[in-house]
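# everything below, folded, please.
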Amino acid sequence: MESGEQDDPRIYLAAERTFLSWMRTGIALMGFGFVVARFGLFLRELAASAQTQPPPRLGLSLEVGIALILAGAGVIAASALRLRGYVASLRSGTFHATFDTRFPTAVAALLALLGIVMVAYLWLI
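Model (predicted):
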């Protein structure tokens, strides 16, 4: 990268926008995880209001919800580390092809797996 390009603020602003996108994704994952974790409680309350026997606790909503919350926290932490490394490589002039697609691919795979688990859980209740 040439020194003129290295000092261009648009590059740093683009990195910050990407970082904020990952932050938003992490916060959304954490919020969705909270909703999923409380889904089992909602089902129990619904059964209690209908004065029927509450469904047995399968336990998946709490575990999947916690996994989503942890995934959201992991996305936020990893995005901060990625931004730090990206900006450091820009400042040192060593940025070549440091963009690594393993992180987004791992997040997508984890979310797909959790989605499959949630479909199986909803199918069982």
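# who are the packing partners of whichever strand or helix holds Ala109?
Using DSSP states H and E, Ala109 maps to helix 102-124. Packing partners of helix 102-124 (3 or more C-beta pairs under 8 Å, 6 or more residues apart in numbering; DSSP states H and E): helix 9-37, helix 60-92. (C-beta placed from N, C-alpha, C; glycine too.)
# can you rerun that using 7 Å?
Here helix 102-124 touches helix 60-92, going by 3 or more C-beta pairs under 7 Å, 6 or more residues apart in numbering; DSSP states H and E.
# gap between the helix it packs on and the chain center?
7 Å (C-alpha atoms, centre = their mean, to the nearest Å).
# just the mean pLDDT for that helix, thanks.
Across helix 60-92, pLDDT averages out at 86.
# do stretch 36-52 as well
Rounded mean pLDDT across stretch 36-52 is 77.
# next: stretch 9-22.
On average, stretch 9-22 scores 86.
# now it: buried residues?
Residues of stretch 9-22 classed as buried: Ile11, Tyr12, Phe19, Trp22 (neighbour count, 16 or more other C-beta atoms under 10 Å).
# got a list of contacts for that stretch?
Residues outside stretch 9-22 that contact it (C-beta atoms under 7 Å, 6 or more residues apart in numbering): Glu5, Val75, Ser79, Leu83, Tyr86, Val87, Leu90.
# the fifth one: neighbour count?
Spelled out, it's Tyr86. Residues lying near Tyr86 (other C-beta atoms under 10 Å) number 19.
# what's the closest non-adjacent residue to it?
Nearest residue to Tyr86, sequence neighbours excluded (C-beta to C-beta, 6 or more residues apart in numbering): Ala15, at 5.4 Å.
# any idea how far Ser61 is from that neighbour?
37 Å (C-beta to C-beta, to the nearest Å).
# before we move on, what about Phe42?
For Phe42, the distance to Ser61 equals 9 Å [C-beta to C-beta].
# on that earlier part again, same list (the buried residues of stretch 9-22) but as CSV, adding distance to Phe34.
Below are the buried residues of stretch 9-22 laid out as CSV (distance: C-beta to C-beta, whole Å):
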residue, distance to Phe34
Ile11, 36
Tyr12, 33
Phe19, 23
Trp22, 19
